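> need a 3D model of the sequence below.
(chains A and B)
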Amino acid sequence: MNTVSDVKRDLWDDANRWPHRCAVALVCATFPLIWIGGLVTTYGAGMAVPDWPNTYGYNLWLYPAETWINGPWKLFVEHGHRLYATLVGLLTIAFLVSAWWCQARPLVLWLGAIALAGVLFQGALGGMRVIQDQVQLAKIHGCFGPAFFAFTVVLAVVTSRRWQQGRLSNQLGLGKIERLAIMTTLLAYCQLVLGSQLRHLPAGARPGDFRFALVFHLLTALALCVAIVFLGLRIVRTQRREPSLLRPALGLASLIMIQVTLGAATWVAKYGWPSWLTDFGFAAAYTVAADSRPQAWITTAHVAAGSLILATSLLIALRSARFARASLPVAAGAWIAEVAR
Amino acid sequence: MNRVAFFRFVLCCVSPLLFAGCGKYDPPQFSLNMVAIAKQQLPFDQQQEVSNILDGMFGTPDKPFVLGQGKSIADSETGLDPKKLAVAAGPVRSDEFGRETGLYRRHCGHCHGTTGDGLGPTAMLLNPYPRDYRPGKFKFKATERAAKPTRADLELIVRHGVQGTAMPAFGLLPDAQVDALVEYVKYLSIRGQVELRLIDAMAELGQDEKLQLTRANLVDEILKPIVESWNTANESIIKPEDKPDVELATSIDKGRELFYGTKGNCAKCHGPSALGDGQTSDYDDWTKPVTELASDLRGEEERLRTDTDLSNEDRVALKMHVALASQALKADSLPPRTAQPRNLRQGIYRGGRRPVDLYRRIYAGINGMPMPAVGPASPGAKGTMEPDEIWSLVDYVLSLPYESISQPPHHQPATLSKANF
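Okay, here's the model as predicted:
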């Protein structure tokens, strides 16, 4: 629980900004990791290094750099993914250390500890995926990554100045915004899980499975669009003067437009134009180019943008929850009470 | 929104996520051709036997081989190269030197299916459906209609893909990988053909008869002729006679006449203005077994409902077959779609755009599709059209994208002329 003096100290003492700086660095470092992880799946490079935690018998950090950089592309991506992931792990530790050093609130320390546990778990999942060579584990690893990314956003939000100023004087529409934003966050995560079902196809999957996942992926996309429009409208109508809500809302609206386009583009890049378009010359003449750069980057961008949507809607949810209440533990308590009822 | 309802919604969203992706992954297996099995009404023990024989002759998706296959291509009776098969098969792997295996599973399986049955997870959503290799029929090739494609034909398809369909171009893969993939397509196709032969052989057995599991029967009788047809494909390449030396405009006029006339009758399918809007009620050869099984099934269900004189035994047998057939239709086939004739005004030819490609396409028709051959059915026999007529059709087809649509065709089919005037 934060007392008045806690808030003052966090707010004005520049030395105590370090946890926030670390958290922001962590967010910025984790996003590329989603891309790199996405590329591993896109290029089918998940098994390009058959051992773990070693790389071809070398300690991860000691694997010769020339062999890595000049080696085959799949090895480059997979080993790079591992190297980069350890960097993110180190940044998570740095966050925890800085929080401890600056005597941050217990909440922040706890969140830091959870983040560390999360990043270790994710690393272990990745390792298990390689050791057991299971597509299902790859899928879970792929779904947990964005969850961790979203969690780094929590760290950054909770340590921010804006957070510590607490309750807004203008409470208009905050309850609704909060609920819409939570719903959007959950939908965004569901959508991500559904997308992962489309990307990680076990060799024994049948036609019905893919169609099922795709239909739900499209329905959820629709629901997500509607939720984002409602959320955006609500924020524009009631909290227009609050940039910390308005900006992410506008960002979310642009992201969803980009994301829908990327989704359609992913389909075309992988499966061509739908047959009802083949009366048009451009569709009839189109040939899918397997493993081409556009195909790989469009698909991976679609994956990464999904994580951004998740993180942005979570940001709005957190801020609106905070702005509506004097302190977050109270807010969390209120949620739990509601769910239990 | 009501608060309680809202939190219920939240709970509903979260709970499935906790379990998403749980479940054990098994190494993939080849699956049986259930549509053919249901058609022949093979009982369960015979299905099992077909499966066992196939495993014995062809191995598994992780360890493929072909009976009679030696250590290298030199001492292999099948002509299939075990090294190439090993590269294309198995789980997706790559090493420090860039050597990759599991190519089929990485690049093809999600459309064409582990068994090459065209029943991969994405297949249902694609149009045309991915090729089912099991009947051993391929559309775009340089050989006589009934002949197998050559290596070069398959390589061309894999490298360049099929325009306007989901079949990608794998031109960015190294040649050795394309080569291995083609070998694996051949392997799956041969395996599928052997399976069909085995199912038929099983169905022909009398009461209490068993299939002879001898080398003479399995290899010499069943496998060899199939392998032979693949290995002699090069002898069946269509070599068109030289193009006759006539003026292009004359040739095009003649081609147009043939296109709309009764001899070619191309307009029947490709439509009165060649937009591909003609007859579209035919099924292709990969779909026909499915539609036939479906109509069998309807007949049997009808009989179960209306025939009151059925003995109890017959009724049970009929019910079992109905169950087998409906399961095969539901789980092991795709919803039938009619074959779509091509819009020839786009100037896009999936089997290649060189005049010789089109010559072969028209000469032999498109194997597996309703599009008929106008050349002779076998070399030396007499076809519907002479080579110079086929060349004229080629010229006309190639000119179609530039012909104005309103320009009335030379020969209006009788039914259409009424509608037009």
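
> is stretch B:107-114 anywhere near chain A?
Yes: Stretch B:107-114 reaches chain A (CB under 8 Å from any CB of the partner chain) through B:107, B:109-110, B:114. Quick note: C-beta positions are derived from backbone N, CA and C, even for glycine.

> got the contact list for that stretch?
A:201, A:203-205, A:210, A:290-291, B:28-31, B:61, B:105, B:118-123, B:126, B:130-133, B:166-167, B:170, B:173, B:181 (CB atoms under 8 Å, 6 or more residues apart in numbering or on different chains).

> now do 6 Å
A:201, A:203, B:28, B:61, B:118-123, B:130 (CB atoms under 6 Å, 6 or more residues apart in numbering or on different chains).

> what of stretch A:63-75?
By CB under 6 Å, 6+ apart, stretch A:63-75 touches A:43, A:45, A:48, A:55, A:79, B:94, B:98.

> keeping just the C-alphas, turn it into PDB.
The C-alpha trace of stretch A:63-75 is given here as PDB (Å, rounded to 0.1, in the frame of the first residue of the first chain):
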ATOM      1  CA  TYR A  63      29.000 -20.600 -29.500                       C
ATOM      2  CA  PRO A  64      31.500 -19.200 -32.100                       C
ATOM      3  CA  ALA A  65      30.100 -16.000 -33.500                       C
ATOM      4  CA  GLU A  66      31.300 -16.500 -37.000                       C
ATOM      5  CA  THR A  67      29.700 -19.900 -37.300                       C
ATOM      6  CA  TRP A  68      26.500 -18.300 -36.000                       C
ATOM      7  CA  ILE A  69      26.600 -15.200 -38.300                       C
ATOM      8  CA  ASN A  70      27.900 -17.000 -41.400                       C
ATOM      9  CA  GLY A  71      25.900 -20.200 -40.800                       C
ATOM     10  CA  PRO A  72      22.600 -21.200 -42.300                       C
ATOM     11  CA  TRP A  73      19.700 -18.800 -41.900                       C
ATOM     12  CA  LYS A  74      17.700 -21.100 -39.700                       C
ATOM     13  CA  LEU A  75      20.600 -21.500 -37.300                       C
END
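
> what comes up buried for it?
A:63, A:67-68, A:71-72, A:74-75 (16 or more other CB atoms under 10 Å in any protein chain shown).

> what about those, which are in helices?
When DSSP state H defines the helices, the subset of the buried residues of stretch A:63-75 inside them is A:67-68, A:74-75.

> what's the most distant pair in those residues?
A:Thr67 and A:Lys74 (13.3 Å; CB to CB).

> the strands in chain B, which residues?
For chain B, the strands defined by DSSP state E occupy B:93-94, B:100-101.

> mind checking which of these is nearest chain A?
Proximity to chain A (CB to the nearest CB) singles out strand B:93-94 among those, at 4.8 Å.

> say whether chain A is contacted by that closest one.
Yes: contact of strand B:93-94 with chain A is found when judged by CB under 6 Å from any CB of the partner chain, involving B:93-94.

> who touches that strand?
For strand B:93-94, using CB under 6 Å, 6+ apart, the contacting residues are A:47-48, A:74, B:100-102.

> check stretch B:125-138 too.
A:211, A:275, B:111-112, B:116-118, B:123, B:149, B:165-166, B:188-189, B:192-193, B:285-286, B:334, B:367-368.

> cool, stretch A:287-303 as well?
By CB under 6 Å, 6+ apart, stretch A:287-303 touches A:38-39, A:42, A:262-263, A:265-266, A:269, A:272, B:161, B:163, B:168-170, B:172.

> any idea how far that stretch is from the chain center?
Remark: stretch A:287-303 is offset 20 Å from the chain centroid, using CA atoms, centre = their mean, to the nearest Å.

> endpoints of stretch A:280-295, how far apart?
22 Å (CA to CA, to the nearest Å).

> any idea which of the buried residues of stretch A:63-75 is the one closest to chain B?
Using CB to the nearest CB, the buried residues of stretch A:63-75 come closest to chain B at A:Pro72, 3.5 Å.

> so how many other residues sit close to A:Trp52?
Using other CB atoms under 10 Å in any protein chain shown, A:Trp52 has 16 neighbouring residues.

> residues near the residue nearest to it when sequence neighbours are not counted, how many?
The spatially closest residue to A:Trp52, leaving aside those adjacent along the chain, is A:Gly127, at 4.1 Å (CB to CB, 6 or more residues apart in numbering or on different chains). For A:Gly127, the count of nearby residues is 16 (other CB under 10 Å).

> name the element A:Gly127 belongs to?
Per DSSP states H and E: A:Gly127 is located in helix A:106-132.

> tell me the helices and strands packed up against that helix.
On a contact count with 3 or more CB pairs under 6 Å, 6 or more residues apart in numbering or on different chains; DSSP states H and E, helix A:106-132 meets helix A:73-101, helix A:135-158.

> so what angle separates the directions of it and helix A:73-101?
Using axes from the mean of the first three to the mean of the last three CA atoms, to 10 degrees, the direction of helix A:106-132 lies 160 degrees away from that of helix A:73-101.

> so for helix A:106-132, mean pLDDT?
Averaged over helix A:106-132, pLDDT sits at 95.

> that helix: how far from the chain's middle?
15 Å.

> select from the strands of chain B the stretch with the lowest mean pLDDT.
For the strands of chain B, where the average pLDDT is lowest is strand B:93-94, sitting at a mean of 92.

> what strands line up against that strand, and which way round?
strand B:100-101 (antiparallel) (DSSP bridges).

> what lies in contact with the partner strand?
B:87, B:90, B:93-94.

> 10 Å instead, please
When contacts are defined by CB atoms under 10 Å, 6 or more residues apart in numbering or on different chains, strand B:100-101 is touched by residues A:44, A:47-48, A:72, A:74, B:86-95, B:106, B:173-174, B:176-177, B:180.

> how is the chain carved up into domains?
Answering for chain A, as no chain was given. A:1-165, A:171-341 (automatic domain parsing).

> could you do chain B instead?
Taken from automatic domain parsing, chain B resolves into B:34-235, B:240-282+B:342-406, B:288-331.

> so which bits of the stretch 1-150 of chain A are right by chain B?
For the stretch 1-150 of chain A, the residues in contact with chain B (CB under 10 Å from any CB of the partner chain) are A:43-50, A:55-56, A:63, A:67-68, A:71-75, A:78-79, A:132-144, A:147.

> just the buried residues of those.
Buried among these (16+ other CB under 10 Å): A:43-50, A:55-56, A:63, A:67-68, A:71-72, A:74-75, A:78-79, A:133-144, A:147.

> returning to that earlier point: tabulate the ones in helices among the buried residues of stretch A:63-75 (TSV), appending pLDDT and distance to A:Arg325.
Formatted as TSV, those follow (pLDDT from 0 to 100; distance: CB to CB, whole Å):
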residue	pLDDT	distance to A:Arg325
A:Thr67	91	54
A:Trp68	95	49
A:Lys74	95	49
A:Leu75	96	50
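
> what is the neighbour count of residue 97?
The chain I'm using is chain A. 14.

> wrong chain, I was asking about chain B
B:Phe97: 9 neighbours (other CB under 10 Å).

> how about it: what's its closest non-neighbour residue?
A:Pro72 is the one closest to B:Phe97 (CB to CB, 6+ apart), at 7.2 Å.

> quick one, phi/psi of that neighbour?
phi -60, psi 150 (degrees, to the nearest 10).

> what does the stretch 101-250 of chain B put close to chain A?
So far as CB under 10 Å from any CB goes, the stretch 101-250 of chain B lies against chain A at B:101-111, B:113-114, B:118-129, B:158, B:160-173.

> having no further points to raise, I will conclude here.
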